[in-house]
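Participant: Need coordinates for the below:
(chains A, B and C)
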Amino acid sequence: MSDRALPRTAAALAELRRARLPRSWYQRDVVTVARELVGCVLVHRQRAGIIVETEAYGGPEDRASHARFGPTPRAEVMFRAGGLAYVYLCYGIHEMFNVVTGPAGRGEAVLIRAIAPHAGLPDDVAIGRGPGKVTTALGLDRRHDRRDLSRGALFVAAAPASPPELGVGPRVGVAYAGEHWASQPLRFWWRDHPAVSKAR
DNA sequence: GCGGGGATTAACT
DNA sequence: GTTAATCCCCGCG
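Facilitator: Numbers count the residues shown, from 1 in each chain, chains lettered A, B, ... in the order given. You can find the predicted model right below:
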């Protein structure tokens, strides 16, 4: 895929659809998937954004993960085989989009924290940063919870260019998990990308 | 049921 | 640095 903003054409979307990642792609280690998602394209209907920041959340052993209480009604989807969406409401206000990873039973998922404009993503909607903005920019909410990313209008397309240089650091907003889990280097971002803040 | 708190954000002082 | 907005998840009794 090429340089400047693509027009919102059927051809551009068709190209993204051809690059759709298969279900098996997600069924690997959560850290591997979190790293490789940076630079890929998240697509919903006519909108798309380049993923520039992710966080890996592990299974029940990860005290920062929603899987820490086991397969509760909300987090049960995290324990299914990778390749499904996990969307939940945070602070009663913000919808958070994740992709489930690993084989069935693991309870892992990757939070998409930031995207950059791509074909079909209006600039005005993309203003602001953080995981809550990812969902508003792409028109995602809890109706997309548990959706299969290997079919339908919501999916991830393989990175159009060679993988970016990655920055690595601790996850954001998980102090409640204790120092060990809060300090793990499980956040990944496209180094020097303008859509990722310098403070991080 | 109740109560505590959260994978946030923008708008304050 | 502080705080409001806002809702539902989850553990416990």
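
Participant: Every contact and neighbour count from this point should use C-alpha atoms.
Facilitator: OK.

Participant: Would you map the strands across chain A?
Facilitator: Using DSSP state E, the strands of chain A run over residues A:41-44, A:47-57, A:85-90, A:94-101, A:108-117, A:154-157, A:166-169, A:187-190.

Participant: among those, which is nearest A:P22?
Facilitator: strand A:154-157 (9.0 Å; Cα to Cα).

Participant: and that closest one, what does it pack onto?
Facilitator: For strand A:154-157, the packing partners by 3 or more Cα pairs under 8 Å, 6 or more residues apart in numbering; DSSP states H and E come out as helix A:10-18, strand A:41-44.

Participant: beta partners of A:A109?
Facilitator: A:Y57, A:V100 (DSSP bridges).

Participant: OK, contacts around A:I112?
Facilitator: A:51, A:53-55, A:96-99, A:131, A:134 (Cα atoms under 8 Å, 6 or more residues apart in numbering).

Participant: thinking again about what came up before, need the strands of chain A in CSV with distance to A:L140 and mean pLDDT, can you?
Facilitator: Listed next are the strands of chain A as CSV, based on distance: least, Cα to Cα, whole Å; pLDDT from 0 to 100:
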stretch, distance to A:L140, mean pLDDT
strand A:41-44, 8, 96
strand A:47-57, 11, 96
strand A:85-90, 8, 98
strand A:94-101, 8, 98
strand A:108-117, 12, 96
strand A:154-157, 9, 98
strand A:166-169, 26, 97
strand A:187-190, 21, 97
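
Participant: among those strands, which is nearest DNA strand B?
Facilitator: With Cα to the nearest atom of the strand as the criterion, DNA strand B lies closest to strand A:108-117 of the strands of chain A, at 4.2 Å.

Participant: can you tell me if the closest one touches DNA strand C.
Facilitator: No: judged by Cα under 7 Å from any atom of the strand, strand A:108-117 makes no contact with DNA strand C; its nearest approach is 13.5 Å.
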